[in-house]
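Participant: sharing a sequence plus its predicted fold:
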Amino acid sequence: VCRANGPPWSVWVDHHDAIAQRDTGWMQVFCEGNQEVLDSIIMAYKLGERADIRLPTIINEDAFILSHTVEPVDVPDMEMVDKFLPPYNPRFKLDVDEPYGFGSLVMPEMYMEFRYKINEAMELARQGWRDVERDFERAFGRSHGGMVELYNCEGADCVLIMAGSIASTAKDVVDKLRGEGKKVGLARIRVFRPFPVEEIRKLAGMTNVIGMCDHSYTFGHWGPMAQEVRGALYGTKDKPIIKNYIVGLGGKDMTPEVIEKIYLKTLAMNGKLDQEIEWIGVKGHGGW
């Protein structure tokens, strides 16, 4: 359940706590709704238990918006889940007759090899996520858009990239603005680790302007997801202009009106970057 970090303390939605774990070696999925949370847990077991991957997964859901509300979900029959998930036979087990150390100290001459093996597994997991979601759709009849869900992005004058539950609100805003003749789109990052490099590069060919809406900040330069998007596009030809919006920290409401203003602000740049990073909704600093 994604919440803001202190200081000061908050129990409302924010992606800081999940982002703090982005480089520990866990796969990460950011969910839009609770059906996706349930389905992603099933998919995570199928992929994470693969013998050539064997990585844990964090399934992220937005605090209060998803964790403290109720919505109907389809809970699949246990028989269907058992058929979808192969029996798990772990390579290493707790066995008094064949002891192993787990999470133990490793000396410098071996530590780097461990991290390299995690990296190899992450590389395999990129295609793995695409495959497991395809298999899930065949088995259960549902898809959540792959590693990056695209919504009206073809031929868009600008696309906002988001993660989490605000994407649901943004889709309604896209429909409204499209109805008014404004060519806008939405891309939702669903799988954050491993990062969907190929999908982001494909998205870059659909638009000239990208606005990355980060639900956290790193105190470096740009928000963490914007850093990843820029890194994926670095060195590519004809890459779009990228602007970073810092939004919704500590549970600040991201209403349709706020998201629409972000779209209109992005369109008004006319393909020329006005500022690299803009914090949305900060009182006393041009906040809405």
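Facilitator: Yep, it's here.
Participant: how near is the residue of the chain most remote from its centre to I189?
Facilitator: In the chain, the residue that sits farthest from the middle, by CA atoms, centre = their mean, is D97; the gap is 42.1 Å. Counting by CB to CB, to the nearest Å, the gap from D97 to I189 is 45 Å. Where you see a C-beta, it was placed from the backbone N, CA and C, and this is true even at glycine.
Participant: for G251, same thing?
Facilitator: 20 Å.
Participant: neighbour count: these two, which is higher?
Facilitator: Neighbours were counted for G251 and for I189 using other CB atoms under 10 Å; I189 has more, 25 against 17.
Participant: model confidence for that one, exactly?
Facilitator: Note on I189: pLDDT of 98.
Participant: does it touch L160 like I think?
Facilitator: No. I189 is beyond contact range of L160, at 11.2 Å (criterion: CB atoms under 8 Å).
Participant: so I59 makes contact with M27?
Facilitator: No. When contacts are counted by CB under 8 Å, I59 is not listed as touching M27 (9.3 Å).
Participant: and the two? Which one has more around it.
Facilitator: Of the pair I59 and M27, M27 is the one with more neighbours under other CB under 10 Å, namely 22 against 19.
Participant: who are the contact partners of the closest residue to that one other than its chain neighbours?
Facilitator: Using CB to CB, 6 or more residues apart in numbering and skipping residues adjacent in sequence, the residue nearest M27 is T57, 4.3 Å away. With contact set as CB atoms under 8 Å, 6 or more residues apart in numbering, T57 has these partners: W26, M27, Q28, V29, A44, L47, G48.
Participant: check E71 too.
Facilitator: Contact analysis of E71 by CB under 8 Å, 6+ apart lists G33, N34, Q35.
Participant: pLDDT below threshold where in the chain?
Facilitator: 286-288 (pLDDT under 70).
Participant: and the helices in it?
Facilitator: 16-19, 34-48, 78-84, 108-140, 166-179, 197-204, 224-233, 256-268 (DSSP state H).
Participant: pretty sure Q275 is touching I242, no?
Facilitator: No. With contact defined as CB under 8 Å, Q275 does not count as touching I242 (11.8 Å).
Participant: compare these two (neighbour count), which wins?
Facilitator: I242 (18 against 8).
Participant: ok, now how distant is the more buried one from D39?
Facilitator: Per CB to CB, I242 is found 30 Å from D39.
Participant: D74 now?
Facilitator: 9 Å.
Participant: neighbour count winner among the two?
Facilitator: Set D74 next to D39 and count neighbours by other CB under 10 Å: D39 wins out with 24 against 10.
Participant: was I right about E123 contacting R193?
Facilitator: No. Counting by CB under 8 Å, E123 stays clear of R193, with 11.6 Å between them.
Participant: those two: who's more crowded?
Facilitator: Between E123 and R193, counting by other CB under 10 Å, R193 is the more crowded of the two (24 against 12).
Participant: for the more buried one, give the beta-bridge partners.
Facilitator: Q28 (DSSP bridges).
Participant: quick one: residues contacting it.
Facilitator: R22, W26, M27, Q28, M122.
Participant: pick the one among those residues closest to G181.
Facilitator: Nearest to G181 among these: Q28, at 36.9 Å, using CB to CB.
Participant: separation between that closest one and A20?
Facilitator: Distance, Q28 to A20, by CB to CB: 11 Å.
Participant: with I246 instead?
Facilitator: For I246, the distance to A20 - CB to CB - is 16 Å.
Participant: what's the local residue count around T24?
Facilitator: T24 has 11 neighbours, counted by other CB under 10 Å.
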